[in-house]
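**Student:** here is a sequence with its predicted model. Questions after.
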Amino acid sequence: MNCEWVKANITLYVYDELADDSRYELEQHVHRCGACASDLENLRSFRATLSSAPQLEPTPNLLAASRMRLQEALETAEQHRGWRLLDPVTWLRQMKFSPALAAALLIVGFALGIATAWRMVPRGGPSSGLIGSAPTGATPTEASIAGIREITQVPGSDKVEIKYDTTVPQRLEGSLNDQRIQQLLLFAARNNYNPGVRQNSVDLLSQKPDEEHIRESLKSSLLYDSNPGVRLKALESLAPYIDEDNTVRDAVLQALQNDSNPGVRAEAIHFLQPVRGDSSVRQVLQKLAAEDKNEFMRRQASRMLASMPEID
């Protein structure tokens with residue numbers, strides 16, 4: 001037991017994540033070493049300070065943006081040491097030093113056992129519909145949805161069919177006015193890993209932009225979605241409300257200034273034409289005309305400013 005080992009494991013000790021035998025050895029070392037005892041006291045004080053701070057709830061937009069960034073990172077991340085994860089010696093070594101990991105594995109194993117038993121039980125009778133179809137009247141919750149697989153609209157009607165995954169693929173069909181359909185569309189727009197599905201969901205949600213929660217989702221897609229096609233579709237859906245809804249106008253102005261895609265920015269400045277006389281819009285146009293790195297955006301902003309009457 002040396003100081004380097006203690007420094008590497010002292011955080012696990014403070015947060016009760018160190019195995020009992022290692023905790024004992026660390027405590028014995030700290031009694032003999034003044035420097036490590038000081039480090040331990042500082043870390044305990046730091047934890048106490050963090051624990052006393054108020055815990056703020058993330059906003060829905062921040063939560064949606066974080067989920068999208070996480071999914072994008074998971075899609076592009078390389079998988080390293082895949083076979084190493086299957087090494088039982090590695091797992092046993094990790095469990096020795098991490099009781100939390102061992103407990104998590106027990107919970108997962110218990111849950112998988114229940115799921116296997118449930119699937120082996122025969123399901124039939126009048127109340128059991130088709131396997132893979134959501135029961136009539138059942139409302140899917142976000143916690144039960146693994147992802148939206150496909151969204152299609154029945155030609156010539158307002159019927160929408162959504163295939164989504166839980167433990168097994170599911171399918172739900174209903175009108176756009178159906179709360180269950182809307183809930184799945186909102187989930188797909190915020191969380192789905194497939195940009196094509198997100199674009200389809202935004203396209204369908206745009207048929208109901210009068211509803212506040214749907215409009216909020218469209219604004220979130222405009223500002224935070226990683227796919228420019230999805231952002232453009234959300235922008236087109238919000239365009240009719242720029243004049244009457246200040247929050248929509250602010251979202252479009254934010255996209256105009258910060259979006260990484262020139263096409264999205266060009267559409268944003270086009271949709272702002274009817275409200276170019278608004279003071280907030282005027283300020284952004286003046287900034288773009290003077291500072292924007294894109295020559296087209298500078299010209300467009302200057303042209304819109306020139307078409308406005310002078311303010312006395």
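**Tutor:** Here it is on my side, so go on.
**Student:** quick one: buried residues of stretch 207-220?
**Tutor:** Taking 16 or more other C-beta atoms under 10 Å as the neighbour-count basis, stretch 207-220 is seen to contain the buried residues 208-209, 214-220. Quick note: C-beta positions are derived from backbone N, CA and C, even for glycine.
**Student:** again, but for stretch 20-31
**Tutor:** When neighbours are counted by 16+ other C-beta under 10 Å, the buried residues of stretch 20-31 are found to be 22, 25-26, 29-30.
**Student:** can you check the pLDDT for the residue nearest to residue 213 when sequence neighbours are not counted?
**Tutor:** With sequence-adjacent residues excluded and distances taken as C-beta to C-beta, 6 or more residues apart in numbering, residue 213 is closest to residue 186, at 7.2 Å. With respect to pLDDT, residue 186 scores 80.
**Student:** contact partners for residue 186?
**Tutor:** When contacts are counted by C-beta atoms under 8 Å, 6 or more residues apart in numbering, residue 186 is found next to 201, 205, 213-214, 217.
**Student:** and what of residue 151?
**Tutor:** Taking C-beta under 8 Å, 6+ apart as the criterion, residue 151 is in contact with 160-163, 185, 188, 197, 200-201, 204.
**Student:** using the three-state scheme, assign the residue nearest to residue 213.
**Tutor:** Taking DSSP: H, G, I helix; E, B strand; the rest coil as the rule, one finds residue 186 in the helix state.
**Student:** how far away is it from residue 148?
**Tutor:** 10 Å (C-beta to C-beta, to the nearest Å).
**Student:** kindly report the same for residue 304.
**Tutor:** Using C-beta to C-beta, one obtains 39 Å as the distance from residue 304 to residue 148.
**Student:** hang on, the earlier thing: what is the nearest of the contacts of residue 151 to residue 288?
**Tutor:** Closest to residue 288 out of the contacts of residue 151 is residue 201 (31.2 Å), distances taken as C-beta to C-beta.
**Student:** you'd agree that closest one is up against residue 188?
**Tutor:** Yes. In this structure, residue 201 sits in contact with residue 188. The criterion is C-beta atoms under 8 Å, and the distance is 3.8 Å.
**Student:** could you tell me which residues touch both of those two?
**Tutor:** Both residue 201 and residue 188 are contacted by 148, 151, under the criterion C-beta under 8 Å, 6+ apart.
**Student:** need the contacts of residue 186 in TSV (columns: distance to residue 294).
**Tutor:** As requested, these are arranged in TSV below (distance: C-beta to C-beta, whole Å):
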residue	distance to residue 294
201	30
205	30
213	34
214	32
217	29
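**Student:** of all the residues you listed, which two lie farthest apart?
**Tutor:** By the measure C-beta to C-beta, the contacts of residue 186 have their two most distant members at 201 and 213, which lie 13.8 Å apart.
**Student:** need the strands for this protein, in chain order.
**Tutor:** Defined through DSSP state E, the strands belonging to the chain, from first to last, are 147-153, 159-165, 169-175.
**Student:** what about those strands, which gets the closest to residue 297?
**Tutor:** Comparing the strands of the chain by their distance to residue 297 (C-beta to C-beta), the top pick is strand 147-153, with 33.5 Å.
**Student:** list the buried residues in that closest one.
**Tutor:** 147-149, 151.
**Student:** for the record, mean pLDDT for stretch 300-312?
**Tutor:** Here the mean pLDDT over stretch 300-312 is 78, rounded to a whole number.
**Student:** per-domain residue ranges of this protein.
**Tutor:** 1-45, 239-312 (automatic domain parsing).
**Student:** low-confidence stretches in the stretch 101-250 of the chain?
**Tutor:** In the predicted model of the stretch 101-250 of the chain, residues 101-144, 146, 166-169, 191-193 satisfy pLDDT under 70.
**Student:** without its sequence neighbours, what residue ends up closest to residue 287?
**Tutor:** Counting by C-beta to C-beta, 6+ apart, the nearest residue to residue 287 once its immediate chain neighbours are dropped is residue 257, at 7.7 Å.
**Student:** what's the distance between residue 40 and residue 200?
**Tutor:** Taking C-beta to C-beta as the criterion, residue 40 is separated from residue 200 by 55 Å.
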